[in-house]
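Chemist: What follows is a predicted protein model with its sequence.
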There are 2 protein chains.
Amino acid sequence: MNKNNLETILIKIFKKKGLNANHAKICSNALINAEQVGAYGHGLSRLKMYCDRIEKKLINPRPNIRIKKISQSITCIDANNSIGFVAADIAIKKAIQNAKKTGIGLVAIKNSGHYGLSGYYAEQAVKKNLITMIYTNAPPAVAPYGSSKSLFGTNPICFGTPSGSKIPFILDTSISMINRGKIRVAARNNKKIPVGVALDKFGNPTTDAKKALQGVQLPIAGFRGSGLAWMVDILSGVLTGSNHAGRVKDPFDNFSGPQNIGHLFITFKTNLFVKNFNSRIKENIKIIKKLPKIRGVKKIMYPGENKYIRYKMNSKKEIKISQIIKKDLEILK
Amino acid sequence: MNKNNLETILIKIFKKKGLNANHAKICSNALINAEQVGAYGHGLSRLKMYCDRIEKKLINPRPNIRIKKISQSITCIDANNSIGFVAADIAIKKAIQNAKKTGIGLVAIKNSGHYGLSGYYAEQAVKKNLITMIYTNAPPAVAPYGSSKSLFGTNPICFGTPSGSKIPFILDTSISMINRGKIRVAARNNKKIPVGVALDKFGNPTTDAKKALQGVQLPIAGFRGSGLAWMVDILSGVLTGSNHAGRVKDPFDNFSGPQNIGHLFITFKTNLFVKNFNSRIKENIKIIKKLPKIRGVKKIMYPGENKYIRYKMNSKKEIKISQIIKKDLEILK
């Protein structure tokens, strides 16, 4: 489908659900971006879920978002159960503003929901020539090290920086072996998932996406990955006043209340300590790209490069809509 | 050896090398702490190396450390090739001061050297009831994803927070499968290292610590771990004005110049967004500790807990000094 047509449909759907025109546009942009970068688990596959949650009054289509200034650098946002995209859009803009003013910005959000890709917000800060670190928690998916029960979300760690070229350096990595979104897409399409990324509910290895969703995802690097997930839960949940310790509800399965997810945005200027950051990072990347490669590797890529290339390619093409999504759009619009 | 006796010897050694009494004490404290927490790769096994580098004028025993205030929150430190412990001690104190004053602190150091354990500095901030994130780069040890050559250091990611109990939550994890310090200790003691943590210089898996030191260490989680290492190199190297992209010299093997390592310290208050952080984090930890355990696990531990227990146990005992270290101390004192 043509991007503009899809946008028109999405905006119509969100407006029908009660969002104002501006918020509907923010949501539509985020979903289309996810499709275009190939992060299908964060794109249209979630549209029906968002609509269901608005319908059930678990996402507030007309939120009264409160922005509290703590200092010139620090801001606290209560999202009032807005859809995550809208809260995160306000927050990253505030974090950019604060960093531009004082060198560093710290913005916390509580009472928010799933906001899609952290990297999407990181890009906005990087475009304004800032470094950014973004944390969000998520519903239980990964078992803490030593436990047999899921509690941590896939809790992504996101870091973005200008790269000295037009392709931003955006590391956006969940601490699970695989993104939950990817398992979800596999489950919806009856596809298998790789070996070694998840256990079923009995603790046995599985490649069945549906069984994996009922079971436990494995963290990267054992105790280390578990520790990183815990860090993200503390930064985005405990610190911000949001749900934490496994209390963030799964947006697809649990309609017993709003998610109350927390996000934390840190931003700072690149020229605080050196005058030539852009040429320094450019040199850094150049040196690493020139290293000898292992067999079969043509190019050493930095985080975000692949996604950017996918985006550029996809943005010239029509957006592919699966049969399931087509049905969702028909029903919702 | 009795702790006080060891301290006397260490201070004597550092003073003999030209450090002032205060700096000698800071170095001695850091080394003894590393021994007591069981991080032998960051303890006395490095003493001779530090002394050699002072001798060769690669570490400046009488540095003129310049502290530049960028704002109430942000400080830039030029360590003038001081021993890393001294620069980091000043930096964490400054980062604590800034956060206490404005809610958030950001301190960068350039022209520094190896400073031991990041967690040691994190503890200081946590004791002052702050959350902290600390980054440092290190000599080449880990190959970027896709490359056959080491370039990233083991570049630790460190995160500390008050835990609501007397044992601080300190995640201090290198992004390599194993700490380089541990490989060094194994090499000095002719012990083997585990399978799957390193390759020899020909790219073959090895359990020989000496061969591993000449080869490549493996990052955690492939592209993800490589990306995290890259992030740390950018934050502590590129941003601060320090060496980066593999230019940090190995302190044991490379005497062609100072290391010019960079460090970055971020600190912030726990009560910026919630009033009851301590009870919230206490509850978070309690819930996670109560999860069902996998077979063979008695207790779910949070990062830093094990180290604290080791420290408490070891601080009641004499400090064990190996034959090699005994010889070092005899020669140096």
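Modeler: That came through, no problem. Numbering: from 1, shown residues only, chains lettered A, B, ... in the order given.
Chemist: Residue A:67 bridge partners, please.
Modeler: Following DSSP bridges, residue A:67 is listed with bridge partners residue A:77.
Chemist: any idea of the pLDDT on it?
Modeler: The model reports residue A:67 with a pLDDT of 98.
Chemist: So it is in contact with residue A:80, correct?
Modeler: No. Assessed by Cβ atoms under 8 Å, residue A:67 is found out of contact with residue A:80, at 11.0 Å. For glycine as for every other residue, the C-beta is placed from the backbone atoms N, C-alpha and C.
Chemist: Between those two, which is the more surrounded one?
Modeler: It is residue A:80, of residue A:67 and residue A:80, that has more neighbours when counted by other Cβ atoms under 10 Å in any protein chain shown, with 17 against 14.
Chemist: What lies in contact with stretch A:232-244?
Modeler: A:76, A:108-112, A:135-137, A:152-153, A:155-157, A:175, A:245, A:248-249, A:259-264, B:131, B:161, B:169, B:270, B:272-274, B:277, B:280-281, B:284 (Cβ atoms under 8 Å, 6 or more residues apart in numbering or on different chains).
Chemist: Could you tell me which of these are located in helices?
Modeler: Judged by DSSP state H, helices contain the following of those: B:277, B:280, B:281, B:284.
Chemist: Keep only the residues you listed that also lie close to chain A.
Modeler: Contacts with chain A within these, counted by Cβ under 8 Å from any Cβ of the partner chain: B:277, B:280, B:281, B:284.
Chemist: Neighbour-wise, give me the winner out of those.
Modeler: Neighbour max across these (other Cβ under 10 Å) = residue B:281, 26 neighbours.
Chemist: And residue A:307, how close does it get to residue A:171?
Modeler: 11 Å (Cβ to Cβ, to the nearest Å).
Chemist: out of those two, which sits in the busier spot?
Modeler: residue A:171 (25 against 21).
Chemist: what sits against the more buried one?
Modeler: A:157, A:158, A:159, A:160, A:303, A:304, B:227, B:228, B:230, B:231.
Chemist: How about residue A:284?
Modeler: B:233, B:234, B:237, B:238, B:244, B:245.
Chemist: count of neighbours near the closest residue in space to it that isn't next to it in sequence?
Modeler: In space, and not counting its chain neighbours, residue A:284 is closest to residue B:245: 4.5 Å by Cβ to Cβ, 6 or more residues apart in numbering or on different chains. Neighbour count of residue B:245, defined by other Cβ under 10 Å: 25.
Chemist: Of all the residues in the lengthiest helix in chain A, which ones are buried?
Modeler: When chain A is parsed with DSSP H, its longest helix is helix A:84-102. For helix A:84-102, the neighbour count (16 or more other Cβ atoms under 10 Å in any protein chain shown) marks A:84-99, A:102 as buried.
Chemist: Off-centre distance for it?
Modeler: Between the centre of helix A:84-102 and the centre of its host chain there is 15 Å, according to Cα atoms, centre = their mean, to the nearest Å.
Chemist: repeat for stretch A:225-235
Modeler: 16 Å.
Chemist: Tell me the predicted confidence for residue A:59.
Modeler: Predicted confidence (pLDDT) for residue A:59: 98.
Chemist: Could you confirm it falls within a strand?
Modeler: No. Counting by DSSP: H, G, I helix; E, B strand; the rest coil, one finds residue A:59 to be coil, located in no strand.
Chemist: tell me the SS of the nearest residue to it once chain neighbours are set aside?
Modeler: The spatial neighbour of residue A:59 that comes closest, neighbours along the chain excluded (Cβ to Cβ, 6+ apart), is residue A:53 at 4.4 Å. Using three-state DSSP, the structure places residue A:53 in helix.
Chemist: what does residue A:257 give?
Modeler: Per three-state DSSP, residue A:257 ends up coil.
Chemist: Tell me how far it lies from chain B.
Modeler: 18 Å (Cβ to the nearest Cβ, to the nearest Å).
Chemist: Show me which residues of the stretch 1-150 of chain A sit near chain B.
Modeler: Residues of the stretch 1-150 of chain A lying near chain B (Cβ under 8 Å from any Cβ): A:70-71, A:73-74, A:76, A:102-104, A:106, A:108, A:110, A:131, A:143-149.
Chemist: ok, so of the ones in helices among the contacts of stretch A:232-244, who is nearest residue A:209?
Modeler: Top of the list for closeness to residue A:209, among the ones in helices among the contacts of stretch A:232-244 and by Cβ to Cβ, is residue B:284 at 29.8 Å.
Chemist: does residue A:147 really touch residue B:293, like I thought?
Modeler: Yes. At 5.9 Å, residue A:147 and residue B:293 qualify as touching, with contact defined as Cβ under 8 Å.
Chemist: joint contacts of these two?
Modeler: residue B:300.
Chemist: re the thing from before, tell me the pLDDT at the residue nearest to residue A:59?
Modeler: 97.
Chemist: what's the neighbour count on it?
Modeler: Residues contacting residue A:53 under the criterion other Cβ under 10 Å number 23.
Chemist: That one: what's it in contact with?
Modeler: By Cβ under 8 Å, 6+ apart, the neighbours of residue A:53 are A:59, A:113, A:251, A:255.
Chemist: Low-confidence ranges, the stretch 1-150 of chain A, go.
Modeler: Regions of the stretch 1-150 of chain A meeting the criterion pLDDT under 70 are absent.
Chemist: if I look at the residue nearest to the spatial centre of chain A, how far off is chain B?
Modeler: Centroid-nearest residue in chain A, with Cα atoms, centre = their mean: residue A:117, separated by 2.3 Å. Going from residue A:117 to chain B by Cβ to the nearest Cβ gives 15 Å.
Chemist: do the same with residue A:10
Modeler: From residue A:10 to chain B the distance is 31 Å (Cβ to the nearest Cβ).
Chemist: still on that earlier bit, go through the ones in helices among the contacts of stretch A:232-244 and name the one nearest residue A:48.
Modeler: residue B:284 (32.1 Å).
Chemist: In terms of packing, which of residue A:147 and residue B:293 has more residues around it?
Modeler: A side-by-side neighbour count of residue A:147 and residue B:293, using other Cβ under 10 Å, places residue A:147 first with 21 against 16.
Chemist: Ignoring the adjacent residues along the chain, who's closest to the more buried one?
Modeler: Excluding its sequence neighbours, the residue lying closest to residue A:147 (Cβ to Cβ, 6+ apart) is residue B:291, at 4.0 Å.
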